[in-house]
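**Q** Next come a sequence and a model predicted from it.
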Amino acid sequence: MRAVVTGGAGFLGSHLCDYLLAQGWEVLSIDNLVTGTPVNVRHLANNPRFAMMQQDVTKFIDVPGPVDYVLHFASPASPVDYLKLPIQTMKVGSLGTHNTLGLALAKKAKYFIASTSECYGDPTVSPQPESYWGNVNTIGPRGVYDEAKRFSEALVMAYHRAKGLDTHIVRIFNTYGPRMRLNDGRALPNFVHQGLMGQPITVYGSGKQTRSFCHVSDLIEGIYRLMMSDEHEPTNIGNPQEITILEFAERVRAMLGVTAPIIFEPLPQDDPKQRCPDISKARRVLGWEPKVNLEEGLRVTLESFKKQFAEAQVR
């Protein structure tokens, strides 16, 4: 089996490349390295079944040879990135999705898209089931990411219905683990970076808003099961254990062993008050549920962050 993974040098994309290679696949990673980094896949440099192509997927994609699966994971994914790159974010979710669907169609390959819980916006229903249509501010600052992913889902289903393409859609909830970029704008890397720098830890709003954090190993296992399934409509993959952002910040601070104070800043526009997946469908259809508890997952992740931080200090 040969897979093309867009965004293969990103946080999730690189872990997906690892998993597919471990299953015996050949993998071609395509990434323009706007938010990804070659460091995430440097351990694969000598693997004869792995190759990299540096390219913007919003341009025409030419991949010689057979392809069995196209997996579109390319996109800025943290608020810092997509607020800084709003047009690129819209283009990778529209033109990039169109181009990767075209590649899959030309190669008679299966197709998989990484969508997001942001499709639900600031939800009025919790936990969020796949049947919930969402509460999204289409013209707000976060709309560039939310609407790019919602458009992607619609386009994927159009190709499935009109062209008979074998497609799969995952809605990814908050995920953490090694290879996240320090200080990338998401809660965990921000807390860790501030704690290691000896700075106050910033919590937005009252900190009462909730998130649910899934370890990357659990997420990738769920993604692989969905890839190999006969399910074509969106499926939530995430950890349903909710925690307030304030409690999460306190836990990270304690595990880092730092005494930095927690400070509060105004909540950004359209920031969701609750984010928690209903994973009934994943349990029923895929036989999947997360196994890594937050304490264990954070311990491993914090060690990787400390190593990353130390390397950055040396440079």
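**A** Structure received.

**Q** ranges for the helices of this protein?
**A** With DSSP state H as the criterion, the chain has helices at 11-22, 79-84, 86-107, 143-163, 187-197, 216-227, 245-256, 280-281, 294-314.

**Q** Rounded mean pLDDT for the fourth one, please.
**A** Read it as helix 143-163. Here helix 143-163 scores 98 as its mean pLDDT.

**Q** Give me the spatial nearest neighbour of residue 138, chain neighbours excluded.
**A** Spatial nearest neighbour of residue 138, chain neighbours left out: residue 147 (5.7 Å); criterion: C-beta to C-beta, 6 or more residues apart in numbering. Heads up, the C-betas are built off the backbone N, CA and C, glycines and all.

**Q** right, and the one you found touches residue 134 too?
**A** No - Residue 147 is beyond contact range of residue 134, at 10.5 Å (criterion: C-beta atoms under 8 Å).

**Q** what about the two, which has more around it?
**A** More crowded of residue 147 and residue 134, by other C-beta atoms under 10 Å: residue 147, with 22 against 16.

**Q** any idea how far residue 115 is from the more buried one?
**A** Distance check for residue 147 against residue 115: by C-beta to C-beta, to the nearest Å, it reads 12 Å.

**Q** Relative to residue 55, which of the helices of the chain is closest?
**A** helix 86-107 (10.2 Å; C-beta to C-beta).

**Q** and for the closest one, what are the contacting residues?
**A** 4, 6, 34, 57-61, 63, 66-68, 70, 72, 74-76, 81-82, 109-111, 113, 141, 144-145, 147-149, 151-152, 155-156, 159, 163, 165 (C-beta atoms under 8 Å, 6 or more residues apart in numbering).

**Q** re earlier: could I get the helices of the chain in CSV, plus columns for distance to residue 288?
**A** Below are the helices of the chain laid out as CSV (distance: least, C-beta to C-beta, whole Å):
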stretch, distance to residue 288
helix 11-22, 14
helix 79-84, 28
helix 86-107, 24
helix 143-163, 20
helix 187-197, 23
helix 216-227, 5
helix 245-256, 24
helix 280-281, 10
helix 294-314, 16
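
**Q** and residue 174, which of these is closest to it?
**A** helix 187-197 (7.9 Å).

**Q** Okay, buried residues for that closest one please.
**A** By neighbour count on 16 or more other C-beta atoms under 10 Å, the buried set for helix 187-197 is 187, 188, 189, 190, 191, 192, 193, 194, 195, 196.

**Q** ok, now stretch 230-244?
**A** 231, 234, 235, 236, 237, 238, 239, 240, 242, 243.

**Q** Same question for stretch 160-173.
**A** Result for stretch 160-173 [16+ other C-beta under 10 Å]: buried residues 160, 165, 167, 168, 169, 170, 171, 172, 173.

**Q** chain center to that stretch: distance?
**A** 17 Å (C-alpha atoms, centre = their mean, to the nearest Å).

**Q** Residue 38: how many residues sit nearby?
**A** Residue 38 has 14 neighbours, counted by other C-beta under 10 Å.

**Q** Out of the helices of the chain, flag the one nearest residue 130.
**A** Of all those, helix 280-281 comes closest under C-beta to C-beta, at 5.9 Å.

**Q** name the helices or strands packed onto that closest one?
**A** Contact partners of helix 280-281 among helices and strands, from 3 or more C-beta pairs under 8 Å, 6 or more residues apart in numbering; DSSP states H and E: none.

**Q** quick one: residue 284 from residue 161, how far?
**A** For residue 284 relative to residue 161 (C-beta to C-beta), the value is 23 Å.

**Q** sorry, that was for residue 44
**A** 36 Å.

**Q** excluding its backbone neighbours, what's nearest residue 143?
**A** Nearest to residue 143 is residue 137, by C-beta to C-beta, 6+ apart, at 5.7 Å.

**Q** lowest-confidence helix or strand of the chain?
**A** In the chain, the helix or strand scored least confidently by mean pLDDT, DSSP states H and E is helix 294-314, which has a mean of 90.

**Q** what residues does that one touch?
**A** Residues contacting helix 294-314 (C-beta under 8 Å, 6+ apart): 176-180, 182, 188-189, 192-193, 196, 213, 215, 239, 241, 243, 251-252, 255-256.

**Q** So which bits of that helix are buried?
**A** 294, 297, 298, 300, 301, 302, 305, 308, 309.

**Q** For these, give me CSV that also has distance to residue 119.
**A** Shown next, in CSV, are these (distance: C-beta to C-beta, whole Å):
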residue, distance to residue 119
294, 24
297, 24
298, 27
300, 29
301, 25
302, 30
305, 28
308, 30
309, 33
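
**Q** out of the residues you listed, who's nearest residue 14?
**A** Nearest member of the buried residues of helix 294-314 to residue 14, counting by C-beta to C-beta, is residue 308, at 13.8 Å.
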